[in-house]
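1. Sequence below, structure please.
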Amino acid sequence: MREFKRTDRVGDQLQKELAVLIQREVKDPRLGMVTVSGVTVSRDLGYADVYVTLLGEDSPERIKENLQVLRQASGFLRSQIARRIKLRHVPELRFHYDESVVRGQRLSSLIDEAVESDRARHADDEHESGDEGERD
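-> Numbers count the residues shown, from 1 in each chain. As a prediction, the model looks like this:
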């Protein structure tokens, strides 16, 4: 069995190229700091699902606006990819907002809060048990 599928290799290459193209070539002022977090290519290479995150912007309006800009630029991006990558057929690009990064940050902060709360509770318990020992 092969270690890496062709679709995975194409997806990785698309991710690298799109990250550069979006950052340097898409000149729309509405577009924020976009990061391409992943690309999944269909088995027939007909389409590619491009997952993006927005740096410092998580309002639904801004997310929708940025996705719209990327969808409008998808033809331009496909033509640029065709010049850079040797593929018989460049997949259709479908852009999606990747919530995993935001969700991961939220979970991480919740875990940090729980750990801090637990430490504070243990410190209070130790402090109270230390006071009782002095009274005896």
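2. Enumerate the positions of stretch 85-94 that are buried.
-> For stretch 85-94, burial by neighbour count (16 or more other C-beta atoms under 10 Å) applies to 90-91, 93. Just so you know, the C-beta spots here come from the backbone N, C-alpha and C atoms, and that holds for glycine as well.
3. For residue 18, state which of those is nearest.
-> Lowest distance from residue 18 to those (C-beta to C-beta) belongs to residue 93, with 7.7 Å.
4. ok, and the closest non-adjacent residue to that closest one?
-> Nearest residue to residue 93 in three dimensions, chain neighbours excluded: residue 74, at 4.4 Å (C-beta to C-beta, 6 or more residues apart in numbering).
5. now this protein, which segments are flagged as low pLDDT?
-> The model of the chain has pLDDT under 70 over residues 1-4, 130-136.
6. Break down it into its helices, ranges please.
-> Ranges of helices in the chain, per DSSP state H, are 6-24, 60-72, 74-84, 100-135.
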